Structures are given as C-alpha cells and as structure tokens.
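**Q** After the sequence you'll find the predicted model.
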Amino acid sequence: METQFRYVTPVPPHAATGRVAQVYAQLADDFGMARMAVFLTLSPAPDVLAATWAMLRESLLAGKASRTGKEVVALGVSLANRCPFCVAAHTTLLHATGDHRLAETVAAGGTPDDPEHAAMLAWATSRRGGAQIGPEHIGTALAFHFVNRMASALLTENLLPANLQKSRLVRSVGGRVMARTVRRRLLSGASLPLVADLPAGPEPAWGAGTSVGAAYAALRAAGIAGGELLGDAARAAVADTVAAWDGEHPPMGGAWLDAPLAEVPAGERAGARLALLAALAPYRVTDADVAAWRGSRPDEDLVRLCAYGAASAMERMETFITASALTGDGS
C-alpha cells in the first residue's frame, strides 16, 4: 500500500493520548485537517510534535499579518530548501487564500505582480535578511526551515496519492475546499499551553514577548535536545559544521561529509552523518543512512535525531535571515 511515511509509523489519531491527542485536536480545529503527514510523522516524539505545531500555528496561522504574505514566505522557503512535499502543500494553501494566480506564479518560479509579495518571496528564497518584516514572517520562515527538513528526511514527496498534487486543477480545487479554514483569523497563543511544561531557553530578540518567540524557544530546545543521542565527538562535529555553514546547498556527492566525520570515532559516524544530512541536505537521506545508525532504535529516536539536525540548521538560518531584517509588528 502506498504511504507517505518513509521510516516512521505514526500514532494514528484514534489511538493518540496525552500531548499527541491534544495536538491532533488543535490541528483539526485550526488547520481543518485531523491527519497531516508532517505532524503524524513527528508523533513518536510528543515534545517535538507539540513544539513544531506551536511554532507553525503561532507564526503562520495566527496573528495580525496577512496569511497570503506568510504563505508566500512558507512557499518561498520550501522552494529554496528543495522540499517538493511542502511546495505542493503551500501552493495549495495559497490557492486557499483566494489568490490562484499568485499560487501558480510562485510555484512555477515566477515573480509576483504585487511588489510586497515579490519582496517577501525574494527574502524567503534568498536565505538572507533585507526585507521589512515582523516576527510572524521571521517565525514562518524559521518554522519551515525546520519543517522542510523533517519532511524531506522522513516523508516521500507525495502530498497526495499518485502525485496528484502536480495537477494545477487538483491544487486549485484543494485550495477551495480549505478556503474557509485558511481565511479565518486565529487568536495568538492558543498552542502555548501544549508546550508550557517543556524546557525552553530565552526567547529570540526578534520575537521577545510574542507567542511566536515563545514557540520558537520551545522548538529550538526540543530539537537541540536530540543531540543527546550522539556521543560528544559526533555532536561536536555536527555543531561545528553547521556553525561554519554558509546557508547554501552542499556539493553533490558525499565528499563534503568527509572532513567533518574524519575525527569522529567509527562507532559514532553513522549518527553524525545522519544528523548532518538532516541539517544541510535532508533530501539526500537514504535508507542506508538510516539503517546504518538506527539498528533497533525506536521511531522516537529517529525523529529526535533528525530534529537535532533540523533545529541546528534552523538556528544557523536565524542568524542569516535576521541579520539585516527590520522588524515591526508584522501587520
């Protein structure tokens, strides 16, 4: 049977309990879908699931800024990160905002007619600062630097069976079906109780005092905690490599991994390699990469290790995209 899930068996909604059930319920209410593959694949690690949902909800779904503009950011980041699953999803969600021409223009690599949308797209795809943006836009971009990596590593590219998402008609119809939910204005902060008891560091300066900033602090902490699955040498190799990363895609092939892994003990290399792939080239994660590290480890560990790589890259991207951004109220 065809499935979107590469390596993880999700917790099904009917069997979910505790934090997972609470996230699923809010997903159904606020996103209009009880089953979303990206969140289902995170469900073996409830804290990662809840923090990811909080980050996406508080940045993309809630707040004052235009949903259309934030969907342009989400789609632009997904295009830059080469995540076909998320590109298809957010093309459909742009259709749901009512701007069908904009959705297909961006998905096809074109430039929006509206100057503000064009500036948002240029900022999102450039991986650098330079636009007049607010916390909701920064949060949306960072949310998808995380989500894209998790989707690319753990899901197939098929948003719909038989790749039906490649049809413009299907995307348009899907958008119309979701239009009422997407065009609702949600109150900020409703997801924060789901992560209130989780560890979190300081809120970022760009989002201090906002629900987006609180959600980002929770996601960063939940993701980076996955580094505990690695030995000290492997964790240091990942941290040092990501800290030196220029934000661009690594060269084709695997030679770029040779230097970072050279000083890592042989028994730790598979984990370091998988975390680095999740951080810098998640679309290149293979069955062999997962099998070499995983052994008998549970789904939860795989989600957490990939989240460590994804969160490390998200933190690094934060330094780039906020470097020259002028933050405002996001409206």
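**A** Here it is on my side, so go on.
**Q** Can you give me the pLDDT of Gly174?
**A** Here, the pLDDT recorded for Gly174 equals 61.
**Q** Show me what counts as buried in stretch 185-196.
**A** 186, 188-191, 194-195 (16 or more other CB atoms under 10 Å). Just so you know, the C-beta spots here come from the backbone N, C-alpha and C atoms, and that holds for glycine as well.
**Q** actually stretch 143-161, not the one I typed
**A** Here stretch 143-161 shows 143-160 as buried, counting by 16+ other CB under 10 Å.
**Q** ditto for stretch 14-28
**A** 16, 19-24, 26-27.
**Q** any idea of the mean pLDDT in it?
**A** Rounded mean pLDDT across stretch 14-28 is 96.
**Q** ok, residues contacting that stretch?
**A** Residues from elsewhere that reach stretch 14-28 (CB atoms under 8 Å, 6 or more residues apart in numbering): 11, 13, 33-34, 36, 39, 43, 46-47, 49-50, 53, 57, 190-191, 194.
**Q** and which of those residues is nearest Ala233?
**A** Nearest to Ala233 among those is Asp47, at 25.7 Å by CB to CB.
**Q** Can you show me the strands along the protein?
**A** 132-133, 326-327 (DSSP state E).
**Q** Least confident of those strands, on average?
**A** strand 326-327 (a mean of 44).
**Q** max-length helix in the protein?
**A** helix 299-321 (DSSP state H).
**Q** which helices and strands sit right next to it?
**A** For helix 299-321, the packing partners by 3 or more CB pairs under 8 Å, 6 or more residues apart in numbering; DSSP states H and E come out as helix 37-42, helix 46-56, helix 135-154, helix 211-224, helix 232-244, helix 266-280, helix 287-294.
**Q** need the buried residues of stretch 185-196 in JSON lines with pLDDT and distance to Ala323, can you?
**A** As requested, the buried residues of stretch 185-196 are exported to JSON lines (pLDDT from 0 to 100; distance: CB to CB, whole Å):
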{"residue": "Leu186", "pLDDT": "85", "distance to Ala323": "30"}
{"residue": "Ser188", "pLDDT": "93", "distance to Ala323": "26"}
{"residue": "Gly189", "pLDDT": "96", "distance to Ala323": "28"}
{"residue": "Ala190", "pLDDT": "96", "distance to Ala323": "31"}
{"residue": "Ser191", "pLDDT": "97", "distance to Ala323": "28"}
{"residue": "Leu194", "pLDDT": "98", "distance to Ala323": "31"}
{"residue": "Val195", "pLDDT": "98", "distance to Ala323": "27"}
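**Q** out of these, who's nearest Asp114?
**A** Using CB to CB, the buried residues of stretch 185-196 come closest to Asp114 at Leu186, 23.6 Å.
**Q** thought that closest one was touching Leu56?
**A** No - using CB atoms under 8 Å, Leu186 is not in contact with Leu56, being 11.7 Å away.
**Q** next one: stretch 220-238 to chain centre, how far?
**A** 18 Å (CA atoms, centre = their mean, to the nearest Å).
**Q** what's the average pLDDT for it?
**A** Per-residue scores along stretch 220-238 average to 97.
**Q** likewise stretch 197-217?
**A** 95.
**Q** and the nearest residue to Trp53 once chain neighbours are set aside, how far is that from Arg57?
**A** Using CB to CB, 6 or more residues apart in numbering and skipping the chain neighbours, the partner closest in space to Trp53 is Val23 (5.0 Å). Distance of Val23 to Arg57, computed by CB to CB, to the nearest Å: 10 Å.
**Q** which intervals of the stretch 1-150 of the chain have sub-threshold pLDDT?
**A** Scanning the stretch 1-150 of the chain with the threshold set as pLDDT under 70 gives 1-2, 34, 127-132.
**Q** In contact with Val212, which residues?
**A** Per CB under 8 Å, 6+ apart, neighbours of Val212: 55, 58-59, 63, 135-136, 138-139, 188.
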